[in-house]
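K.L.:
when you get a sec, could you give me coordinates for this:
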Amino acid sequence: SGRTVKFTPFASSVDSPFWVRYCQAKLETIQLNEEPVDIVGSYGVDGAAGAQQVPRLQLQETSLQPDAILPNERVRIPIQLLGYNTIESFQKVNKNKILADGFRNKFMQGDVESLVSAMLLTYADLKNHRVLYWFGIPAMMPKTSSPICCVQQSLLSQAWMPSEVQGLAVRLQQLRKDEASKGQGGLIPFFVTTKGATVPLTASCLKDLNVEDVGNVEALDGVTFGFFDPTSSSLSTSQDQQPVGWPMRNLVAYLSVHLGLGGKQVNVLSYRPTNLRRFDVNNPNAELGDLNGGEGSVILKINVPSKQDYDWSGAAAAAAATDATTTATTTQPPEYKAVGWELNVRNKPGPRWVNLRPLLDSTHLAIQAADLNLKLMKWRMLPNLDVERLNSTKVLMIGAGTLGCNVARTLLGWGVRKLKIVDYGNVSYSNPVRQPLFTLEDCQGPNGRGRPKAEAAAEHLRLIAADVESEGIMLSIPMPGHAETPESLQQSVSTMDSLVQEADVVFLLTDTRESRWLPTVMAAAHDKTLINAALGLDSWLVMRHGGGFQSKDEEGGVDGSVESSDKEKEEEAPPSRLGCYYCNDIVAPEDSTKNRTLDQQCTVTRPGLAPIASSMAVELMVALLHHPKRHFADAPKSGSGDFSPSTSDASAGALGVMPHQIRGSLVSYTMMTPKVPAFRYCTACSSNVVNAFKQNKMEFVQKVCESKDGSYLENMAGLMQFRLDAAKKLEEMEEAGDDWDLDDD
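P.N.:
So this is what the prediction gives:
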């Protein structure tokens, strides 16, 4: 009997920073994991007459922290977030089942916190910055034949004396203080009260109020079960009826299932204070003020459905009775249903899309989108990928030509954002078709010349990646056999040395052989990771240089003498150290541009080589950065072929093997990965050369540059003496009459 109670469902209100934070967490930490994530929401209480507000379930930026401290005037709602990896899995999930199952288990255990809980289903379209979501605020549903009915309704201010209303307000304020002392804030959603005492809703609440016999109608009539109602009030008389808050549905179910009040009439208070203020939890004497809950609050006397009225298995059994195999004695386990999926904008049950693109700064969108590919790699394929390390790696690129432009673009793809580019040339009309960082506008600089390459390349990188820190330095590199004035040399050596010391990785991408010499010496002297790339007509080379010397290797003279003990020689070039670009040479680098025709002066190469070599160079750098030994990592042993590395080599890192050199040919479309040890008399990385550079940089480099035939550098490295010793050995072998086996086989 009575009128069926109508309930006002929640509507969600999600702050945009929450979605931004969630998408970031999905990309970086949650990834492919579809396990439930515990978050927290809240709803407020404002019973101001005439406000007609819709109850709002609110999520804020801090909601992803389940232990976040909430304001003490809001009710905490624990939420289970289920994020799906595809829109198809989002659409196919049995939403009614997961809502009922997720709620039922906690509810049947008597968990009062579950009475105001929620579920959030999401699909994050990270590429397009959109999120598909659907909130469910579950409520236990009785059978349609046994709805929750109200037999009597009255305003609290009419049913209770003013002193009783005020006494309730004082006791509720004390409960707020007690709840705040637990450290998580928030407002208790449910309470049980008499006109003299008030306690939180628990399984023992009636006992706490000295109500031992729930069958005693008179004793039960003196008890009121209350909840903070998120709906507003527009009631003017006790005869008016309007919907009450959604939390009452589960409150009534709890009374039936856990307190044994099914089939009885009980008083339920929809408490709607209009003066619920936040207070300082650290101030024990804080004045909370009057809740003013008597004006809009409503007391309803309702018929509580029985526990069996919430069990839908009987209806299922009746429906199955038409089956011939079903008998009257068939029993089924209890089946409980829940409702509560939020309505969409068309006022029908369904999910909603939120588009984050208009809410985000264009720079933020660009940065997030640029790193999307890398962060998706971590989901499944490369979980050990260190995106932060790549982002913070400082790279020095020497050369901004065809190799330099392609290396820079590939570095951006790997998330490298700190780049310095050194080049002494200007953009010419022949460059833009092969060098992707330049346009025809860059060819039209002041004085009839193109813009400086380093400057133009750095600017275009900033146009491509919003967060890149790029700087172009126009600098002439001192080279063996190329004499310079002392002033110019001083500035060039000092600047280049500072740049190499500041960098984590150095790329050598210049056109001439001798321009690579000084950076090679500096990288060895300062123990820097150095990647070298070079092009031929139809072949290319990428190699990494070995690490610098230890302190014991730096001992000894720098006068070119090669007289030393066997032990000292072993320390000077340990077997594990890999060779540099010059370790295969037995002559010093010299001026390679003199007496050359135009086709010999330019890097004439097949256009497809530069992107291949550039990408290989960057991939090698990334692999080295993920190896525990970095550039000291040993090169792999030979595999099935003479130069084919074994992928199971012990020296392999997180991203595979660490070849010393990669040599490719477009004639045969093949690659090989030879391993070359450091040469004891190398003109660039031997201890004599490196120590000479460290002891007096300017004097040493000046003498090397002024030596047109390279004799000074050869003598310093010990290479000249090495050739003399080798020639002497050959003479001794000839005098001894040693026979040479000249057979081809």
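K.L.:
and the helix ranked longest in the chain, how far out from the chain's middle?
P.N.:
The helix spanning the most residues in the chain, taking DSSP state H as the definition, is helix 162-180. Here the centre of mass of C-alpha atoms in helix 162-180, compared against the chain's by CA atoms, centre = their mean, to the nearest Å, lies 46 Å away.
K.L.:
quick one, strands of the stretch 251-400 of the chain?
P.N.:
Counting by DSSP state E, counting those that start in this stretch, the stretch 251-400 of the chain forms strands over residues 265-271, 298-303, 338-341, 352-355, 394-398, given from the N-terminal end onward.
K.L.:
pairing partners for the third one, with directions?
P.N.:
According to DSSP bridges, strand 338-341 forms sheet pairs with strand 130-140 (antiparallel).
K.L.:
mean confidence score for the next helix or strand along the chain from the partner strand?
P.N.:
Using DSSP states H and E, the helix or strand that follows strand 130-140 towards the C-terminus is strand 149-155. For strand 149-155, the mean pLDDT works out to 91.
K.L.:
what's the answer for stretch 263-283, then?
P.N.:
Stretch 263-283 carries an average pLDDT of 84.
K.L.:
what's Ala525 sitting at in phi/psi?
P.N.:
Comment: the main-chain dihedrals of Ala525 come out as phi -70, psi -40, following degrees, to the nearest 10.
K.L.:
correct me, but it touches Lys694?
P.N.:
Yes: between Ala525 and Lys694 a contact is recorded at 5.6 Å, counting by CB atoms under 8 Å. Every C-beta, even on glycine, is put in place using the N, C-alpha and C of the backbone.
K.L.:
okay, these two: which has more neighbours?
P.N.:
Higher neighbour count among Ala525 and Lys694: Ala525, with 22 against 16, using other CB atoms under 10 Å.
K.L.:
now that one: closest residue in space that isn't a chain neighbour?
P.N.:
Using CB to CB, 6 or more residues apart in numbering and skipping the chain neighbours, the partner closest in space to Ala525 is Val690 (5.1 Å).
K.L.:
mind checking the SS state of that neighbour?
P.N.:
Put simply, Val690 is helix when judged by DSSP: H, G, I helix; E, B strand; the rest coil.
K.L.:
run through who's touching stretch 78-94.
P.N.:
22, 26, 30, 32, 34, 36-41, 59, 63, 66, 98, 102, 113-114, 117-125, 132, 351 (CB atoms under 8 Å, 6 or more residues apart in numbering).
K.L.:
now do the end-to-end distance for that stretch.
P.N.:
Across its full length, stretch 78-94 reaches 21 Å between end residues, using CA to CA, to the nearest Å.
K.L.:
please point out which parts of the longest helix of the chain sit buried.
P.N.:
Buried residues in helix 162-180, counting neighbours by 16 or more other CB atoms under 10 Å, are found at 164-169, 171-173, 175-176, 179-180.
K.L.:
try stretch 451-470
P.N.:
451-458, 460-461, 465-466, 468, 470.
K.L.:
equivalent analysis for stretch 259-278, please.
P.N.:
For stretch 259-278, burial by neighbour count (16+ other CB under 10 Å) applies to 259, 261-262, 264-274, 276.
K.L.:
let me know the closest of those residues to Asn406.
P.N.:
Distances from the buried residues of stretch 259-278 to Asn406 were compared by CB to CB; the smallest belongs to Leu276, at 64.0 Å.
K.L.:
which non-adjacent residue is nearest that closest one?
P.N.:
Counting by CB to CB, 6+ apart, the residue nearest Leu276 is Glu73, at 4.9 Å.
K.L.:
and the gap between the one you found and Gly186?
P.N.:
According to CB to CB, to the nearest Å, Glu73 and Gly186 sit 9 Å apart.
K.L.:
cool, and Gly196?
P.N.:
If you measure Gly196 against Gly186 using CB to CB, the figure is 26 Å.
K.L.:
so what's Ser42 up against?
P.N.:
Taking CB under 8 Å, 6+ apart as the criterion, Ser42 is in contact with 57-58, 70-71, 74-77, 186.
K.L.:
adding pLDDT, write those out as TSV.
P.N.:
Supplementary listing: those in TSV, determined by pLDDT from 0 to 100:
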residue	pLDDT
Leu57	94
Gln58	94
Leu70	82
Pro71	82
Arg74	89
Val75	92
Arg76	92
Ile77	94
Gly186	79
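K.L.:
make a ChimeraX selection of whichever of these turn out to be buried.
P.N.:
This is how ChimeraX selects the buried members of those, with burial counted by 16+ other CB under 10 Å:
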select :57,58,70,74,75,76,77,186
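K.L.:
returning to that earlier point: which one of the buried residues of stretch 451-470 is nearest to Val339?
P.N.:
Taking CB to CB as the measure, Val339 lies nearest Ala466 of the buried residues of stretch 451-470, at 46.3 Å.
K.L.:
on that earlier part again, just checking: what are the partner strands of the helix or strand following the longest helix of the chain?
P.N.:
For helix 162-180, the following helix or strand on the C-terminal side (DSSP H and E) is strand 190-193. Applying DSSP bridges, strand 190-193 is found paired with strand 198-200 (antiparallel), strand 224-228 (antiparallel).
K.L.:
residues making contact with strand 190-193?
P.N.:
Residues outside strand 190-193 that contact it (CB under 8 Å, 6+ apart) are 112, 115, 168, 171-172, 175, 198-201, 205-206, 208-209, 223-228, 247, 251, 269.
K.L.:
three-state assignment of the residue nearest to His258 when sequence neighbours are not counted?
P.N.:
The shortest distance from His258 to any residue that is not its chain neighbour, by CB to CB, 6+ apart, is 5.2 Å, and that residue is Gly110. Here Gly110 is coil, with the state taken from three-state DSSP.
K.L.:
flag the shaky bits of the stretch 51-200 of the chain, pLDDT-wise.
P.N.:
Across the stretch 51-200 of the chain, the ranges flagged by pLDDT under 70 are 51-53, 184.
K.L.:
ignore what I typed, I meant the stretch 501-650 of the chain.
P.N.:
If you take pLDDT under 70 as the line, the stretch 501-650 of the chain has these spans: 549-576, 590-603, 637-650.
K.L.:
in it, which spans are strands?
P.N.:
Taking DSSP E, counting those that start in this stretch as the criterion, the stretch 501-650 of the chain contains strands spanning 505-508, 529-535, 539-544.
K.L.:
what strands flank the second one, and is each parallel or antiparallel?
P.N.:
Strand 529-535 has the following sheet partners, assigned by DSSP bridges: strand 505-508 (parallel), strand 539-544 (antiparallel).
K.L.:
so what's the residue lying closest to Ser362 once chain neighbours are set aside up against?
P.N.:
Counting by CB to CB, 6+ apart, Ser362 lies nearest to Ala466, which is 8.0 Å off, once chain neighbours are set aside. Contact criterion CB under 8 Å, 6+ apart gives 362-363, 366-367, 370 as the residues in contact with Ala466.
K.L.:
work out for me the element Ala466 sits within.
P.N.:
Ala466 is part of no helix or strand, with elements assigned from DSSP H and E.
K.L.:
about what we covered before: any idea which of the strands of the stretch 501-650 of the chain is most buried?
P.N.:
Comparing the strands of the stretch 501-650 of the chain on average neighbours per residue, with mean count of other CB atoms under 10 Å, the densest one is strand 505-508 at a mean of 26.
K.L.:
list the contacts of that strand.
P.N.:
For strand 505-508, the external contacting residues (CB under 8 Å, 6+ apart) are 393-399, 404, 407, 500, 516, 519-520, 523, 528-533, 581, 617, 621, 625.
K.L.:
in stretch 78-91, what's buried?
P.N.:
78-85, 90.
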